[in-house]
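K.L.:
sharing a sequence plus its predicted fold:
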Amino acid sequence: MADSYDYVIVGAGSAGCVLAARLSENPATRVLLLEAGPRDTNPWIHVPLGYGKLFNERRVNWMYQSDPEPHLDGRRIFTPRGKVLGGSSSINGLIYIRGQPEDFDDWEAPGWSFGELLPYFRKSEDQVRGEGPLHGMGGPLAVSDQSEPHELCDAFIEAAAQAGHPKNADFNGERQEGAGYFQITTRNARRCSTAVAFLRPAGNRANLKVETGALATRVLFEGARACGVEYLLGEKKVQARAAREVILSGGAINTPQLLQLSGVGPAALLAQHGIPLVLDQPDVGEHLQDHLQARMVLRCTRPITVNDDMQSLWRQVGLGLRYLLQKKGPLTVSAGYAGGFWRTRPELKRPDVQTHFLTFSLDRMGEKLHPFSGFTASICQLQPTSRGFVRIRSADARAAPAIQYNYLDTEHDRRTMVDGMKLLRRILEQPAIRPYIAAEHTPGEKVRTDEDWLAYIRATGSTIYHPSCTAMIGKVLDHRLRVKGLAALRVVDASVMPAVVSGNTNAAVIAIAEKAADLIHSERGGGPS
Ligand SMILES: Cc1cc2nc3c(=O)[nH]c(=O)nc-3n(C[C@H](O)[C@H](O)[C@H](O)COP(=O)(O)OP(=O)(O)OC[C@H]3O[C@@H](n4cnc5c(N)ncnc54)[C@H](O)[C@@H]3O)c2cc1C
């Protein structure tokens, strides 16, 4: 006999933890939360800069590779995704950005305008700067300032001003444009993932069961109605029944994979893998969007970067002590310390590129820091028009799906990335930051023309980890996030976005999950939670 619950949620990531906590607030509602990864006991998860240690940690990271990217010189793009309680919010760069109001308004989906989502951003937030019309206090998700300023970041923000870009003390305030410090999801200098923020406080509820090491292999159907989930606990096959709904929160790569494995997807693809068809839905897994980023690495004239800290054992001990005793220093910092949102052309109404400014440098994330004093500034395109796909390669749920981003597929995207990199270099040429730059390590002086820049982006560009849109509202889902054409099956995660939001995606996913919980409550006749 399969165990029975009201809701079975697949994936304890950014969205899944929010949903599990909100839906189990009612003690009469039985919730099962399935997570393929382990509990979040790896200590590096909880130290903000520990982020770098998790890139190659297979126990908590799916570590996907894209297929060869046709417009990035055929390179495969390494794609980390959290596989642990908290999901990607346990391994991400901690930056708290909501996106631009127009992102949500442009979705043109009833109920999903920015005005309608703002109460959910506010509800989730515990803003260190206090409450305001655009910010909430007392929510589960701690939003903090960086523990201290850094002179390199100050110089970058000043240089941006010299290049004509305003300073911005709050990227989630009245306007996104400008340069400033990022706010981050930490509390007392420890990561505030959704597992920490939402799941832990709900952890002792008798009506919530969290099953880790549980890989969902397919959704079970009775006719067109989802009635449960089959999953693997180690080698053991287990079934759980869902009296009300199955909710998929596996993220933008795994959710379409699981739908396809369950018979919901493009009929030809499913037939190719011998999967019985439940619903021919050609859009499942299609329309994948992400933010492409390209980086510049600068050699620094002074030994004030994290690279320098890591060269010396004494400095490393000092960092550890500062972190433990004062909750300050590089270990408290998110990967992107400061940054900015810029318009590549003055006639644009809103920023179309973002910079992440890092006080360290390396060849690839997760690898060793450079042996010289170095820092990094990058550009990512905020509103890409290129779209890719996620498609199963096998009927075995343990096999990674094919992922293709198709970055730079459109002239618009190529133009924006090239203009963004030129804009970034102009900032780095300003007097405020020049004294800190010994040399441009990459791309270097040889890159001058638009063609040079495009070649450089093709040769080095990579993900900034925001895949979305693979089960989007409108095509796959109705505006209440229910899979169209089926009953009792909902998707709540980054897949639902019709277009990726303009900025880091964690906050938007959390707000989407907060709203989904209210939709579910209201369908049951209860008021908003
Ligand atoms: C390295 C990295 C850095 C990032 N930096 C930032 C940042 O600084 N700021 C920001 O806002 N955003 C950042 N992001 C993006 C952000 O974290 C994600 O957009 C967000 O966490 C996605 O939430 P989700 O709920 O869609 O999926 P996830 O949080 O990825 O959760 C999906 C969960 O489902 C589980 N799962 C999947 N399939 C199954 C299955 N079949 N059975 C059981 N469980 C399953 C997974 O293991 C995972 O725990 C980053 C992401 C990464 C990977």
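P.N.:
Looks like it arrived, so ask away.

K.L.:
per-residue confidence at residue 382?
P.N.:
At residue 382, the model reports a pLDDT of 98.

K.L.:
against residue 424, how distant is the nearest residue to it once chain neighbours are set aside?
P.N.:
Among residues not flanking residue 382 along the chain, residue 502 sits closest, at 3.9 Å (CB to CB, 6 or more residues apart in numbering). C-beta: built from backbone N, CA, C; applies to glycine. Separation of residue 502 from residue 424 (CB to CB, to the nearest Å) stands at 17 Å.

K.L.:
what's the answer for residue 74, then?
P.N.:
According to CB to CB, residue 74 stands 26 Å off from residue 424.

K.L.:
neighbour count: these two, which is higher?
P.N.:
Just comparing residue 74 and residue 424: by other CB atoms under 10 Å the higher neighbour count belongs to residue 424, 23 against 10.

K.L.:
so the more buried one touches residue 377, yeah?
P.N.:
Yes: counting by CB atoms under 8 Å, residue 424 does reach residue 377; the two are 5.9 Å apart.

K.L.:
quickly list what's touching both of the two.
P.N.:
Residues touching both residue 424 and residue 377 (CB atoms under 8 Å, 6 or more residues apart in numbering) are 296, 355.

K.L.:
what's the local residue count around residue 235?
P.N.:
Neighbour count for residue 235, taken as other CB under 10 Å: 5.

K.L.:
same question, residue 267
P.N.:
For residue 267, the count of nearby residues is 14 (other CB under 10 Å).

K.L.:
ok, now residue 81?
P.N.:
Here the number of neighbours of residue 81 (other CB under 10 Å) works out to 22.

K.L.:
what's near enough to touch it?
P.N.:
If you count contacts by CB under 8 Å, 6+ apart, residue 81 has them with 61-64, 87-88, 251, 253-254.

K.L.:
secondary structure, distance to the ligand and neighbour count added to these, as CSV?
P.N.:
Formatted as CSV, the contacts of residue 81 follow (DSSP: H, G, I helix; E, B strand; the rest coil; distance: CB to the nearest ligand atom, whole Å; neighbours: other CB atoms under 10 Å):
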residue, secondary structure, distance to the ligand, neighbour count
61, strand, 8, 21
62, coil, 7, 19
63, coil, 10, 16
64, strand, 10, 20
87, helix, 3, 35
88, helix, 3, 28
251, helix, 3, 27
253, helix, 8, 22
254, helix, 3, 30
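
K.L.:
just those residues now: which is nearest residue 220?
P.N.:
residue 254 (17.5 Å; CB to CB).

K.L.:
how far away is the residue of the chain with the smallest separation from the ligand from residue 37?
P.N.:
The ligand sits closest to residue 13 of the chain, with a gap of 1.7 Å, by CB to the nearest ligand atom. Distance check for residue 13 against residue 37: by CB to CB, it reads 9 Å.

K.L.:
residue 365 too?
P.N.:
20 Å.

K.L.:
what of residue 227?
P.N.:
Distance, residue 227 to residue 37, by CB to CB: 25 Å.

K.L.:
neighbour count: those two, which is higher?
P.N.:
residue 37 (25 against 21).

K.L.:
what helix or strand is residue 452 on?
P.N.:
Using DSSP states H and E, residue 452 maps to helix 450-460.

K.L.:
and that helix, what's buried?
P.N.:
Residues of helix 450-460 classed as buried: 453-454, 456-458, 460 (neighbour count, 16 or more other CB atoms under 10 Å).

K.L.:
and residue 162, what does it touch?
P.N.:
Applying CB under 8 Å, 6+ apart to residue 162 gives the contacts 430-432.

K.L.:
same question for residue 29.
P.N.:
The contact partners of residue 29, by CB under 8 Å, 6+ apart, come to 6-7, 23, 207.

K.L.:
residue 428: how many residues sit nearby?
P.N.:
18.

K.L.:
and for residue 375?
P.N.:
With neighbours defined by other CB under 10 Å, the count for residue 375 comes to 29.

K.L.:
show me where the stretch 401-529 of the chain has strands.
P.N.:
Along the stretch 401-529 of the chain, counting by DSSP state E, counting those that start in this stretch, strands occupy 402-404, 437-442, 462-463, 489-491.

K.L.:
low-confidence ranges, the chain, go.
P.N.:
For the chain, the stretches flagged by pLDDT under 70 are 1, 526-529.

K.L.:
for it, what's the longest strand?
P.N.:
strand 236-248 (DSSP state E).

K.L.:
touching the ligand at all, it?
P.N.:
No: figure legend: strand 236-248 not in contact with the ligand (CB under 6 Å from any ligand atom); closest approach 8.5 Å.

K.L.:
buried residues in the host helix or strand of residue 226?
P.N.:
According to DSSP H and E, residue 226 maps onto strand 225-233. Across strand 225-233, burial judged by 16+ other CB under 10 Å covers 226-232.

K.L.:
adding distance to residue 481, write those out as JSON lines.
P.N.:
What follows is the buried residues of strand 225-233, written out as JSON lines (distance: CB to CB, whole Å):
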{"residue": "226", "distance to residue 481": "13"}
{"residue": "227", "distance to residue 481": "19"}
{"residue": "228", "distance to residue 481": "19"}
{"residue": "229", "distance to residue 481": "17"}
{"residue": "230", "distance to residue 481": "22"}
{"residue": "231", "distance to residue 481": "22"}
{"residue": "232", "distance to residue 481": "26"}
